[in-house]
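Chemist: Need a 3D model of the sequence below.
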Amino acid sequence: MTSAEPRRLLLVHAHPDDESITTGGVMARYAAGGAEVTLVTCTLGEEGEIIPPELDGLGSWASDQLGGYRVGELAAACAALGVTRQRYLGGIGRWRDSGMADAGVNHPRAFTAGALDEQVAQLAEILDEVRPQVVVTYDAFGGYGHPDHIRAHEITTAAVGGTGARLFHIAASEQATKRGLAELRERADLGFRIAEDGELPTTPDAEITTSIDITGHLGAKISALRAHATQVSVPDGANCFALSNGIAQPLPPAECFVHAGGSAEGVSTDLFGGL
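Modeler: Alright, predicted model coming up:
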């Protein structure tokens, strides 16, 4: 990468809100620093569980409007993060949220029911256009086992191979999560149950290669999380959020990754380090 060449970061996420929860700080940080940040979203998140009771009808089988509504939430979240480049894999609505493995979703457009080769080709086309030096997605377990996250990992691994791009897998620091939960337990007014140590999916710190300080961009991340109001609740005055299960999860001051491909030089504190 020459000094005159812009830094280009591309992230592959399964559903709207995944980008803000796991990489919102990094997206905001690099966008603010002048990098070209491109988000690829694989589905519209049609199977998400809706938090506000007044919006519950969006997800009914009769209306099936949740995916379209979440398109607007994602646009607002990207605006909060300063990200102007967002694409849907195969075009908007091509692939549908598959739901969790035990959800019994059987839709002909389900992401995990699609042809892997077709999806790889769709992502490869975007990669050819964007030419990112750095690509971010989930690990082989999809972070917590969601089938769509696992498929996103599979297609990204296949599409990035041979491009020369540096690849990172999203990680959650075990120790930072413990510290964050300990801080939340000192609060009595969150309105959510605080997770027990070991309850949230984390990555052993010995496996983490890259930690990106996002303290200056937590505000943008929180604004993006609030934009996903059907899926995420964010209390005032606390660095945490909760999904529909009502379990408080901390927002640590760094987002972490595991280097998974490409040059590894200088990756400890910068996705573009050494490039």
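Chemist: Quick one: the helices in the stretch 51-200 of the chain, in order.
Modeler: With DSSP state H, counting those that start in this stretch as the criterion, the stretch 51-200 of the chain has helices at 66-81, 116-130, 147-160, 174-184.
Chemist: Quick one: closest of these to A206.
Modeler: Nearest to A206, of all the helices of the stretch 51-200 of the chain, is helix 174-184, at 9.2 Å by CB to CB. Any C-beta I mention is one placed from the backbone N, CA and C, and that applies to glycine too.
Chemist: now for that closest one, which elements pack on it?
Modeler: strand 247-250 (3 or more CB pairs under 8 Å, 6 or more residues apart in numbering; DSSP states H and E).
Chemist: send the alpha carbons of the following helix or strand past the strand it packs on over as CSV?
Modeler: Heading C-terminal from strand 247-250, the first helix or strand you meet, by DSSP states H and E, is strand 254-261. Only the C-alpha atoms of strand 254-261 are listed here, as CSV (Å, rounded to 0.1, in the frame of the first residue of the first chain):
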residue,chain,number,x,y,z
ALA,A,254,-11.4,-1.8,22.7
GLU,A,255,-12.6,-4.1,19.9
CYS,A,256,-10.5,-7.2,19.4
PHE,A,257,-9.6,-9.5,16.5
VAL,A,258,-7.6,-12.5,15.6
HIS,A,259,-5.4,-12.2,12.6
ALA,A,260,-6.4,-15.0,10.1
GLY,A,261,-4.6,-14.3,6.9
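Chemist: Just give me how far the host helix or strand of G24 sits from the chain centre.
Modeler: Here G24, judged by DSSP H and E, is contained in helix 18-32. What separates the centre of helix 18-32 from the centre of its chain is 8 Å, taken as CA atoms, centre = their mean, to the nearest Å.
Chemist: just checking, what packs against that helix?
Modeler: The contact analysis (3+ CB pairs under 8 Å, 6+ apart) places helix 18-32 against strand 8-13, strand 36-41, helix 66-81, strand 210-213, helix 218-227, strand 254-261.
Chemist: Can you tell me which of those is nearest to R29?
Modeler: Taking CB to CB, strand 210-213 is the member of the helices and strands packed on helix 18-32 nearest to R29, at 6.7 Å.
Chemist: buried set for that closest one?
Modeler: T210, S211, I212 (16 or more other CB atoms under 10 Å).
Chemist: Just give me the closest of the residues you listed to P204.
Modeler: Distance to P204 across the buried residues of strand 210-213 (CB to CB) is lowest for S211, with 13.5 Å.
Chemist: so what's the closest one bridging to?
Modeler: Per DSSP bridges, the residues bridged to S211 are C256.
Chemist: ok, it - contacts?
Modeler: Applying CB atoms under 8 Å, 6 or more residues apart in numbering, we find S211 in contact with S173, A254, E255, C256, F257, S268, T269.
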